[in-house]
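**Student:** sharing a sequence plus its predicted fold:
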Amino acid sequence: MDDSIPQLADADPELFGVAVVHPDGEMAASGDADHLFSIQSAVKPFLFALALADTGGEALDQVGIEPTGEAFDALKLESHTGRPPNPMVNAGALLTANLVDGDSGDARSRRITAGLSAFAGRDLDVDREISESEQLHGDRNHALAHLMRSEGTLDQTADEAVAVYARACSVMVDATALAVMGATLAFGGRNPVTGEQVVSAAIARDVVSVMATCGVYDGSGRWMRAVGVPAKSSVSGAIVLSAPNRLGAAIVSPPLDELGTSVRGEALSRVLSDEYGLHSFGFPGRPSRSAEAETEVGVGVDRT
């Protein structure tokens, strides 16, 4: 649990929800899929997408795309550029949140909330209490913002930049909304439920690519070997998956492993990958690990 988010300490460890969205917008959901929670780090792919859209792709010049092998909140920038190493760590997300359109922090926050709502296909809201807590307790995020300002990477003040990012992390979603968001990226930026083209196919491709290499932080290699689906983990216990041209999915289960990834969420992701043949590097006809993984997680996906 992130110490800057005291509210997460009250999360029910028994909470377990999953939702899967197919190309035609059909959704399968099970468990606590309608339980609201703050999106937290799962917002990062969508902030990157909005920054790419609003800068005409120039965000790629301002943030790296290489994995770090370090903690998500490491106080480190690229040594030769002063840029954040990638948009899936806190430094990168702080920057991308403040690259979206808007002539003030409040305007950027409104743009972000509207953009996330378009990804989800429904209106989303910010939890002000969580946002204010993250601004108050997010010392490492303030340190990262000051570090980027010292390098000339960040134009906004540290306080304003952290406020915008905190509000983005405090947007409330449930597994069904997050699954639609993942599906929108998986289907080339087009929301399969509403039909809206939220971002271009080129932007969706870029975002999903970085999710594959950096989305589970220093566990990304392990994740891609075992699951093989681009994903983003979150300290709220959520995981969002985007299997290109196949499906989007989301799982929420708060107990985390030592790398900050939902334990049951990862196990169920292996089940989904095997059941639907989603592994990016899988070989058709080879035995899967579905039975083993499903026994471990104790739940399947009800498509009825």
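**Tutor:** Sure thing, it's come through.
**Student:** residue 240 and residue 46: what is the separation?
**Tutor:** Distance, residue 240 to residue 46, using C-beta to C-beta, to the nearest Å: 9 Å. All C-beta spots, glycine's among them, are computed from the backbone N, C-alpha and C.
**Student:** so the two - more neighbours on which side?
**Tutor:** residue 240 (33 against 30; other C-beta atoms under 10 Å).
**Student:** that one contacts residue 231, doesn't it?
**Tutor:** Yes: in this structure, residue 240 is within contact of residue 231 by C-beta atoms under 8 Å, at 6.4 Å.
**Student:** what's the overlap in contacts for residue 240 and residue 46?
**Tutor:** Each of residue 181 lies in contact with both residue 240 and residue 46 under the rule C-beta atoms under 8 Å, 6 or more residues apart in numbering.
**Student:** any idea how far the closest residue in space to residue 169 that isn't next to it in sequence is from residue 276?
**Tutor:** Leaving aside its sequence neighbours, residue 169 sits nearest to residue 40 (C-beta to C-beta, 6 or more residues apart in numbering; 5.0 Å). According to C-beta to C-beta, residue 40 and residue 276 sit 26 Å apart.
**Student:** the two: which has the busier surroundings?
**Tutor:** Higher neighbour count among residue 40 and residue 276: residue 40, with 23 against 16, using other C-beta under 10 Å.
**Student:** okay but that one is in contact with residue 232, surely?
**Tutor:** No: using C-beta under 8 Å as the test, residue 40 is too far from residue 232 to be in contact (10.1 Å).
**Student:** strands of the chain, start to end?
**Tutor:** Along the chain, counting by DSSP state E, strands occupy 17-21, 27-31, 37-38, 172-173, 231-233, 238-243, 247-252.
**Student:** so how far is the first one from its chain's centroid?
**Tutor:** It refers to strand 17-21. 15 Å (C-alpha atoms, centre = their mean, to the nearest Å).
**Student:** output that strand as CSV, nothing but the C-alphas.
**Tutor:** Only the C-alpha atoms of strand 17-21 are listed here, as CSV (Å, rounded to 0.1, in the frame of the first residue of the first chain):
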residue,chain,number,x,y,z
GLY,A,17,-14.2,-8.3,-9.2
VAL,A,18,-13.5,-8.9,-12.8
ALA,A,19,-14.9,-7.6,-16.1
VAL,A,20,-14.1,-8.5,-19.7
VAL,A,21,-15.2,-6.5,-22.8
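**Student:** buried set for it?
**Tutor:** Buried residues in strand 17-21, counted by 16 or more other C-beta atoms under 10 Å: 17-21.
**Student:** contacts only, for the spatially most central residue of the chain.
**Tutor:** The centroid of the chain falls nearest to residue 42 when counting by C-alpha atoms, centre = their mean (2.3 Å). The contact partners of residue 42, taken as C-beta under 8 Å, 6+ apart, are 173, 178, 232-234, 236, 238-240, 250.
**Student:** now residue 178
**Tutor:** 19, 39, 42, 120, 238, 240, 250, 252.
**Student:** repeat that with 7 Å
**Tutor:** Contacts for residue 178 (C-beta atoms under 7 Å, 6 or more residues apart in numbering) come out as 42, 238, 240, 250.
**Student:** need the pLDDT of the third one.
**Tutor:** Per-residue confidence (pLDDT) for residue 240: 98.
**Student:** I figured it hits residue 233, correct?
**Tutor:** No: contact between residue 240 and residue 233 fails when scored by C-beta atoms under 7 Å: they sit 8.5 Å apart.
**Student:** now do the shared contacts for the two.
**Tutor:** With C-beta under 7 Å, 6+ apart as the test, residue 240 and residue 233 reach no residue in common.
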